[in-house]
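A.B. asks: Please work out how this folds:
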Amino acid sequence: MRQGSVRPDREVVLAAALTVALSVIYAAGACPTIYVGDSGELVAAVYVLGIPHPTGYPLYILLGKLWTVLLPVGSIAYRMSLFSAFWAAVACGVLYRLCRGLDLHPVAALVAALLLAFSPSFWGEANVQRVYSLNAVFVALATAAAFGWYRRRKPWLLVLAFFVCGLGAANHTFMAVYALALAVWVMLVGGFRRVAAATGAFAIGLLPYLYLPVRSRMNPPLDWGNPETLQGFLGVVLRRGFWERAWIESPSDLVTIAIDYVRSLGVELAWAGSGLAVLGIIASLASRQRRGLVLLPLLVMAANLAALAAHGSRSDIFIWHRYYIPSYAMAALLAGLGCDLLLAHLPRPLAVLPLLIPAFLLVSGWRECDRSRYRIAEDFAHAVLTSVPPGAHLIATDDNILFVLIYLQMVEHQRPDVDLILQGVGGADLPPLRFNPETEPLFFTHHPNWNLPALEIVPIGVVLQARRPGQLLPSPVLPVLRLEGEDDPDVPKDYLTKNLIGHFHYMLGFTFEERDWLRARREFATAAAALPDNDVLFYNLGLIFRRNGLADDAIDSFQASHAINPRHLASLTAPRAADRIEELLAEQQRLAKNEAVLATTPALAAATRGTPAYHRRLAELLEARGEPVAARGHRLQALELEAGFVAPRLSR
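C.D. replies: Now for the predicted structure:
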């Protein structure tokens, strides 16, 4: 350590300059419209001072509301993108100042801050409307206060660290997990008596949660879980109803999760940065002065991994690595320690070389994180709203779609005539529906899986309509055939955006299944190409091909689903693709025997196998034997052969 080398005033100015510079970079790529996932609901809650999904995020809502009032620039969605950009930059500035407070070389401190700044998951959250950049600020602040206490042993700094944890937990509950890791660390480094006193500061930091019951009593337009009662309040804060989504099933799954976690650290810090972090750990453990310091980042990282492993879904753990941002912040800090050791052995002219690591992340990540042209989520929601007539009832499900519709109605005030039924919001059951489909049209964003003789659910484009059975199929309503930006390589497409694109084309294919099979085929292929890693999409494609008698294509689809997720799907019925494959193989064997017998008949023997005429004749014979599904499959094969259509293989 270079004691006395840090000039506080100068370092504060440099940290502020870094914050401004990063704010400009993040703002340049800020999403101008509403983003996918939780963004729509969170921004709507900010606008109406409502209560979003658990844990309610009261601090985010209150600070976001203040920000949107003080910054009257662009849409509310754009303002909240800039909100994330600002706090992401602040987190990096705090990390820089933290490293300099540890007497690290200025280049080492800058490397640490920029590794976090341009790590893909952190940067990916720095210009969209979500809570993770603000959470990173509290991670950095709590660490700075804890390290200050460790080095100076002033009790108020430890109290401050726990208060920051409590206040941060009002934005995201990870900071409660951080507080546990902090308590363990304090006891390990000899501050056992201080923990009990500091927990009171943590409780004081939680006071923003009082917003939830107070605001709920005012019945805001968005009131998830109705937390005005103690039971409702605890249900929201403790995320009841979310824990059953956990992917983990046995202790052995921890190995798989840990491997993915370590791999993500390499990607996020460009592997070379991870190497610096390992160097920092080894060097710090060998140093009496730093040994106690390095334990806190390691405990925080372990707590982050354990918390996500305990209740994260498959997507949470293996796809959306934003939940590991606290770990990436701690790993960047450790990389700063390693860089400091490296610089001590490098010639002075080469001291800037470690900056090439974050420079690589900056250059390689710009295109993927530039969301300045992103409009896909809003365009899809516009297509949904345009598809329904005035006064229609619209039951929306899937956060990816529902939350954007909530934003457009509550914030942008689009289509106020549409009765948007928020199915699943707050976990409340919908009241019994009583309606006349002729005079009170009812639409869905997803099939409700009803089995009511008095109604059938018919796809008409990107939505489905409830109609009397036996009516002629309505003409499709197709506001757009492609989503704005889906073909633009300069518009980044994360997993949720790909989900939206895939669902869009799946719905078009579903619509044309009974109207124009060849077009449906093309839309299904487009959906599969847009979303090659979605188990549910391929499972649903398997169901469609199966009911159309295309067993080979159905097996391909189910195999693709199984390859993505060998376990059951995230559904109330918990279906497994492997079960469907087994059923189809048995069905194929049975049909093969029937078709072998039919192939010896004079009518079929005269036709050349594999020609359209052969498939049509075989379809007639199968239908006569009571095999309508298999017959339809052969008719569709004849149609595809005549059109020269070659269906792409869907198996992975």
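
A.B. asks: Output the lowest mean pLDDT helix or strand found in the protein.
C.D. replies: Lowest mean confidence among the helices and strands of the chain (mean pLDDT, DSSP states H and E): helix 602-605, at a mean of 79.

A.B. asks: Does anything pack onto the helix or strand following that helix? Which helices or strands?
C.D. replies: Next along the chain after helix 602-605, taking DSSP states H and E as the criterion, comes helix 612-624. When contacts are defined as 3 or more C-beta pairs under 8 Å, 6 or more residues apart in numbering; DSSP states H and E, helix 612-624 sits against helix 577-598, helix 602-605, helix 628-643. C-betas here are computed from N, CA, C, even on glycine.

A.B. asks: so helix 612-624 versus helix 577-598, what angle?
C.D. replies: Note on geometry: by axes from the mean of the first three to the mean of the last three C-alpha atoms, to 10 degrees, helix 612-624 and helix 577-598 are set 100 degrees apart in direction.

A.B. asks: which of the helices and strands packed on helix 612-624 has the lowest average pLDDT?
C.D. replies: Among the helices and strands packed on helix 612-624, helix 602-605 carries the lowest mean pLDDT, a mean of 79.

A.B. asks: Contacts for that one, please.
C.D. replies: Contacts of helix 602-605 from elsewhere in the structure, counted by C-beta atoms under 8 Å, 6 or more residues apart in numbering, are 598-599, 614, 617-618, 621.

A.B. asks: tell me the mean pLDDT for stretch 560-573?
C.D. replies: Stretch 560-573 carries an average pLDDT of 87.

A.B. asks: Please verify my assumption that residue 185 contacts residue 295.
C.D. replies: Yes. Because the distance of 5.7 Å satisfies C-beta atoms under 8 Å, residue 185 is recorded as touching residue 295.

A.B. asks: between these two, who's got more neighbours?
C.D. replies: Ranked by neighbour count (other C-beta atoms under 10 Å), residue 185 and residue 295 place residue 185 first, with 22 against 19.

A.B. asks: show me the contacts for that one.
C.D. replies: 146, 295-296, 299.

A.B. asks: Compare those and tell me which is most surrounded.
C.D. replies: Counting neighbours by other C-beta under 10 Å, residue 146 leads these with 27 neighbours.

A.B. asks: That one should be in a strand, yeah?
C.D. replies: No. Using DSSP: H, G, I helix; E, B strand; the rest coil, the assignment for residue 146 is helix, not a strand.

A.B. asks: From residue 520, how far out is residue 554?
C.D. replies: When C-beta to C-beta, to the nearest Å is applied, the distance between residue 554 and residue 520 equals 14 Å.

A.B. asks: Give me the distance between stretch 217-233 and the centre of its chain.
C.D. replies: For stretch 217-233, the separation from the chain centroid amounts to 25 Å (computed by C-alpha atoms, centre = their mean, to the nearest Å).

A.B. asks: Ignore what I typed, I meant stretch 314-322.
C.D. replies: 7 Å.

A.B. asks: I'd like the mean pLDDT over that stretch, please.
C.D. replies: 92.

A.B. asks: next one: stretch 139-157
C.D. replies: Stretch 139-157 shows an average pLDDT of 94 in the prediction.

A.B. asks: Show me the shaky parts of the chain.
C.D. replies: Across the chain, the ranges flagged by pLDDT under 70 are 1-8, 243, 423-435, 572, 648-652.

A.B. asks: Who has more neighbours out of residue 554 and residue 520?
C.D. replies: Residue environment comparison for residue 554 versus residue 520 gives the larger neighbour count to residue 554, 26 against 21, counting by other C-beta under 10 Å.

A.B. asks: For the protein, which segments count as strands?
C.D. replies: Using DSSP state E, the strands of the chain run over residues 393-396, 419-422, 442-444, 456-459, 464-467.

A.B. asks: what about those, which gets the closest to residue 356?
C.D. replies: With C-beta to C-beta as the criterion, residue 356 lies closest to strand 393-396 of the strands of the chain, at 47.3 Å.

A.B. asks: Buried residues, the closest one. List them.
C.D. replies: By neighbour count with 16 or more other C-beta atoms under 10 Å, strand 393-396 contains the buried residues 393-396.

A.B. asks: who are the neighbours of that strand, in terms of helices and strands?
C.D. replies: Under the contact criterion of 3+ C-beta pairs under 8 Å, 6+ apart, the helices and strands touching strand 393-396 comprise helix 376-386, helix 399-410, strand 419-422, strand 442-444.

A.B. asks: just how off-centre is that strand within its chain?
C.D. replies: Per C-alpha atoms, centre = their mean, the displacement of strand 393-396 from the mean C-alpha position of its chain is 23 Å.

A.B. asks: among the helices and strands packed on helix 612-624, which is the most enclosed?
C.D. replies: Most buried of the helices and strands packed on helix 612-624, by mean neighbour count (mean count of other C-beta atoms under 10 Å): helix 628-643, with a mean of 19.

A.B. asks: Outside of it itself, list whatever touches it.
C.D. replies: By C-beta under 8 Å, 6+ apart, the surrounding residues in contact with helix 628-643 are 517-518, 521, 547-551, 591, 610-613, 615-616, 618-620, 622-623, 645-647.

A.B. asks: just stretch 360-376 next, same as before
C.D. replies: With contacts defined as C-beta under 8 Å, 6+ apart, stretch 360-376 is touched by 28-33, 35-36, 81, 114-115, 118-120, 123-124, 126-128, 270, 273, 483-486, 488, 490-493, 497, 500-501.

A.B. asks: Quick one, which of the contacts of helix 602-605 are buried?
C.D. replies: Taking 16+ other C-beta under 10 Å as the criterion, what is buried in the contacts of helix 602-605 is 598, 614, 617-618, 621.

A.B. asks: closest to residue 247 among those residues?
C.D. replies: Compare each of these with residue 247 using C-beta to C-beta and the shortest gap goes to residue 618, at 44.3 Å.

A.B. asks: is it true that that closest one touches residue 595?
C.D. replies: Yes. Counting by C-beta under 8 Å, residue 618 does reach residue 595; the two are 6.6 Å apart.

A.B. asks: rewinding a little: for PyMOL, what selects the buried ones among the contacts of helix 628-643?
C.D. replies: To isolate the buried members of the contacts of helix 628-643 in PyMOL, using 16+ other C-beta under 10 Å:
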select buried, resi 517+521+548+549+550+551+591+612+615+616+618+619+622+623+647
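
A.B. asks: show me what contacts residue 523?
C.D. replies: Contacts of residue 523 (C-beta under 8 Å, 6+ apart): 505-506, 508-509, 512.

A.B. asks: Now, these that are in helices?
C.D. replies: Secondary-structure check on those using DSSP state H: residues within helices are 505-506, 508-509, 512.

A.B. asks: Any of these buried? List them.
C.D. replies: With burial judged by 16+ other C-beta under 10 Å, the buried subset of the ones in helices among the contacts of residue 523 is 505-506, 508-509, 512.

A.B. asks: Reformat these into TSV and put distance to residue 105 next to each item.
C.D. replies: TSV is the format used below for those (distance: C-beta to C-beta, whole Å):
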residue	distance to residue 105
505	52
506	53
508	57
509	58
512	63
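
A.B. asks: in the chain, which helix has the most residues?
C.D. replies: Assigned via DSSP H, the chain shows its longest helix as helix 76-101.

A.B. asks: Look up how far residue 171 lies from residue 55.
C.D. replies: Applying C-beta to C-beta, one obtains 9 Å for the distance of residue 55 from residue 171.

A.B. asks: any idea which of the contacts of residue 185 is closest to residue 153?
C.D. replies: If you rank the contacts of residue 185 by distance to residue 153 using C-beta to C-beta, residue 146 comes first, at 11.9 Å.

A.B. asks: Counting neighbours, what do you get for the residue nearest to residue 205 when sequence neighbours are not counted?
C.D. replies: Nearest residue to residue 205 in three dimensions, chain neighbours excluded: residue 166, at 2.2 Å (C-beta to C-beta, 6 or more residues apart in numbering). Counted with other C-beta under 10 Å, the burial measure for residue 166 works out to 25 neighbours.

A.B. asks: residue contacts, residue 166?
C.D. replies: 175-176, 179, 201-206.

A.B. asks: Of these, select the buried ones using a ChimeraX command.
C.D. replies: The following ChimeraX line selects those of those that are buried, judged by 16+ other C-beta under 10 Å:
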select :175,176,179,201,202,205,206
